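In: only geometry, no sequence info:
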């Protein structure tokens, strides 16, 4: 899913011939979102499945959700059916993309999804204190997470917006070794206290570039239940809790507004569809 970009990417909607109702949102030949218009509970991308696994460990019922990054609105659609009645705000600065998504992949009737044409940093600053149960960070510009969305100052703003037991979920990417993620974890730990890392086994072992999901909260997670959920994933994946993260990454230095960086650039040949 996308944040802001300096140039106008080529946008395509590609039907999934092997899965009726499925559509891939592709930007400049890079897969960005997958939506099943007939069954929004169907999640194709692995990292989105990790999001859903974390959500199953939270108490039942509607959630007040803020999404940073919109793309094809995959997670808002999923939450619409899995947590009926959830009010959702989507911060997506690309207005043209939002118009195209609404035209090609219409939202369901009676939804409570509101898209605001602002970037994540600006949009979060405009939200009220303790106004969200859940914040989902899934924003990219040219395949990289914007530097402003992983600093300690930004995480402090997210913490302000979240309720006391609220959760931040973030989809990030890194090279083998996870040096970028190390600093993100340090910032999350300093602001929230409780941090979990979920990812494909080969990514966690440093064998390839790839996505990881970070979950942060002021309250402890149900790690045992999350591990049971992740064990059901079709491809090998793992969970790293606080003790394991400390052993693997140490203390680290958080990213700050004065010292920040985008996520590493992906290997384009591995992310493109053609």
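Out: Nice, I can see it. Please read these numbers as outputs of a predicted model, since none were measured by experiment.
In: CA only for contacts and neighbour counts going forward, please
Out: Noted.
In: ok, residue 233 to residue 209 distance?
Out: Residue 233 is 19 Å from residue 209, where distance means CA to CA, to the nearest Å.
In: neighbour-wise, which of those two wins?
Out: residue 209 (20 against 15; other CA atoms under 10 Å).
In: which residue packs closest to the more buried one, ignoring adjacent ones?
Out: residue 175 (4.4 Å; CA to CA, 6 or more residues apart in numbering).
In: need the distance between the two termini of stretch 169-186.
Out: 15 Å.
In: buried stuff in it?
Out: Buried residues in stretch 169-186, counted by 16 or more other CA atoms under 10 Å: 169-178, 180-186.
In: what ranges do the strands span in this protein?
Out: 11-15, 22-27, 30-36, 65-68, 88-91, 113-116, 132-137, 162-174, 194-200, 210-217, 237-240 (DSSP state E).
In: would a markdown table of the ones you listed with distance to residue 152 and mean pLDDT be doable?
Out: Below are those laid out as a markdown table (distance: least, CA to CA, whole Å; pLDDT from 0 to 100):
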| stretch | distance to residue 152 | mean pLDDT |
| --- | --- | --- |
| strand 11-15 | 33 | 95 |
| strand 22-27 | 30 | 94 |
| strand 30-36 | 26 | 93 |
| strand 65-68 | 16 | 98 |
| strand 88-91 | 20 | 98 |
| strand 113-116 | 24 | 98 |
| strand 132-137 | 14 | 98 |
| strand 162-174 | 13 | 97 |
| strand 194-200 | 14 | 97 |
| strand 210-217 | 13 | 96 |
| strand 237-240 | 21 | 96 |
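In: tell me the most buried of those?
Out: Mean neighbour count (mean count of other CA atoms under 10 Å) peaks for strand 65-68 among the strands of the chain, with a mean of 27.
In: contact partners of that strand?
Out: The contact list for strand 65-68, computed with CA atoms under 8 Å, 6 or more residues apart in numbering, reads 3, 76, 86-92, 119-120, 132-139.
In: could you list the paired strands of it along with their orientation?
Out: Partners of strand 65-68 in the sheet, by DSSP bridges, are strand 88-91 (parallel), strand 132-137 (parallel).
In: would you list the ones you listed in JSON lines and tack on distance to residue 80?
Out: Converted to JSON lines, those look like this (distance: least, CA to CA, whole Å):
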{"stretch": "strand 88-91", "distance to residue 80": "9"}
{"stretch": "strand 132-137", "distance to residue 80": "14"}
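In: need the helix or strand of the protein with the lowest average pLDDT.
Out: helix 268-271 (a mean of 53; mean pLDDT, DSSP states H and E).
In: for the closest residue to residue 128 other than its chain neighbours, the count of nearby residues, please.
Out: Using CA to CA, 6+ apart and skipping residues adjacent in sequence, the residue nearest residue 128 is residue 161, 6.0 Å away. Burial measure for residue 161: 23 neighbouring residues, criterion other CA under 10 Å.
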